[in-house]
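**Student:** Give the three-dimensional model of this entry:
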Amino acid sequence: MSYPRSSKSDPTTKKQAAAAAVASEEQQAKMINEVRELLRPAEMPGFLTDSTVRRFLHARSWSAAQATKAVKETVKWRRQYRPDEIRWDDIPGREHEVKRAYIADYLDKDGRTVVVTVPAIKSQISAKEQVKLLVYTLESCTAGSENGQESVVWIADFRGWTLSSTPLAQSRQSMNIIQKHYPGLIAAAILFDPPKIFESFWKMLSYFIEPELEKKVKFVYTDNPESQRIMADMFDMEKLDSAFGGRSASGIDVAKYSERMRTGDQIRGLR
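**Tutor:** Modelled structure (predicted):
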């Protein structure tokens, strides 16, 4: 089964390709400094590391003006939402128990963080709290990263998924947060075993996905040779969970995972 890509045009593709060729390390450094000059007085220096500014520049075709505008919008959002203050224990524990979303304890072959979500599992918390968990997960993925550009591989397990599993409005909100406030973070998004009924949902959702992110989406299916090659190319099969074709049967231990996330909170200065 394969899903059609959206028919929306991509007016930025040629511009991005040309800009990418221009962006040498020296030029990137100059553009980062240009954004910082445009942001004066300095905005959230603790948040706006060079790697973060670089992600915004990359997402805006290396336009300092557009990247600065995007950064200002994100700074405004961060002041209001305070994502850097969300702790593991701010999310009701019953949601963690069902293992609907977690950061895996292994990396992919390129050393990238692996996030796993299982949309078919019924959430135990409100839509507002689900968004908070998403933001907490994204913050945890970026914390302490020297180079956040394309540093996350997202696996969404769609086995058992139905149209009622994921409201479109909530999915749009999640995509908006990822694309607007954490641009360039996702290296690949693996949609694992989506059912036939997912096709109509994807047609609607893909309209709201930026071309740069949409081209990183990979549809992967159990017992499909090409899908098996995709997973083997990206992951150490000894570490990858058996649910996704790997040979690890350890799964996720909620108690150990909770301890790992609380340790991460302490490293970020949260108590």
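
**Student:** where along the stretch 51-200 of the chain do the strands fall?
**Tutor:** In the stretch 51-200 of the chain, the strands defined using DSSP state E, counting those that start in this stretch lie at 101-107, 113-117, 152-157, 186-192.

**Student:** packing partners for the first one?
**Tutor:** When you say that, I think you mean strand 101-107. On a contact count with 3 or more Cβ pairs under 8 Å, 6 or more residues apart in numbering; DSSP states H and E, strand 101-107 meets strand 113-117, helix 127-142, helix 254-267. C-beta coordinates here come from the backbone N, C-alpha and C atoms, glycine included.

**Student:** could you redo the last one with a cut-off of 10 Å?
**Tutor:** Applying 3 or more Cβ pairs under 10 Å, 6 or more residues apart in numbering; DSSP states H and E, we find strand 101-107 packed against strand 113-117, helix 127-142, strand 152-157, helix 254-267.

**Student:** same question, the shortest one
**Tutor:** In terms of contact count using 3+ Cβ pairs under 10 Å, 6+ apart, strand 113-117 is assigned the packing partners strand 101-107, helix 127-142, strand 152-157, strand 186-192.

**Student:** how far is the second one from where the chain is centred?
**Tutor:** For helix 127-142, the gap between its own C-alpha mean and the chain's C-alpha mean amounts to 10 Å (Cα atoms, centre = their mean, to the nearest Å).

**Student:** ditto for the shortest one
**Tutor:** Relative to its chain's centre, strand 152-157 lies at 8 Å (Cα atoms, centre = their mean).

**Student:** Equivalent analysis for stretch 172-189, please.
**Tutor:** The answer for stretch 172-189 is 5 Å, by Cα atoms, centre = their mean.

**Student:** got the CA positions of that stretch in CSV?
**Tutor:** Extracted as CSV, the C-alpha positions of stretch 172-189 are listed here (Å, rounded to 0.1, in the frame of the first residue of the first chain):
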residue,chain,number,x,y,z
ARG,A,172,-2.7,20.1,12.8
GLN,A,173,-1.8,21.7,16.1
SER,A,174,0.9,19.3,16.7
MET,A,175,2.3,19.8,13.2
ASN,A,176,2.2,23.5,13.7
ILE,A,177,4.3,23.3,16.8
ILE,A,178,6.8,21.0,15.3
GLN,A,179,7.2,23.0,12.1
LYS,A,180,7.0,26.5,13.5
HIS,A,181,8.8,26.2,16.8
TYR,A,182,11.1,23.3,16.3
PRO,A,183,12.0,23.6,12.6
GLY,A,184,14.5,21.3,11.1
LEU,A,185,14.5,19.0,14.1
ILE,A,186,13.0,15.9,12.4
ALA,A,187,15.4,14.0,10.1
ALA,A,188,12.8,11.3,9.2
ALA,A,189,9.3,10.4,10.1
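
**Student:** Now that stretch: buried residues?
**Tutor:** By 16 or more other Cβ atoms under 10 Å, the buried positions in stretch 172-189 come out as 173-175, 177-179, 181-189.

**Student:** Repeat that for stretch 215-232.
**Tutor:** For stretch 215-232, a neighbour-count test (16+ other Cβ under 10 Å) marks 217-221, 227, 230-231 as buried.

**Student:** Quick check, Leu105 in contact with Leu240.
**Tutor:** Just so we're on the same page, residue 105 is Asp rather than Leu. No - Asp105 lies out of contact with Leu240 (Cβ atoms under 10 Å); the separation is 11.4 Å.
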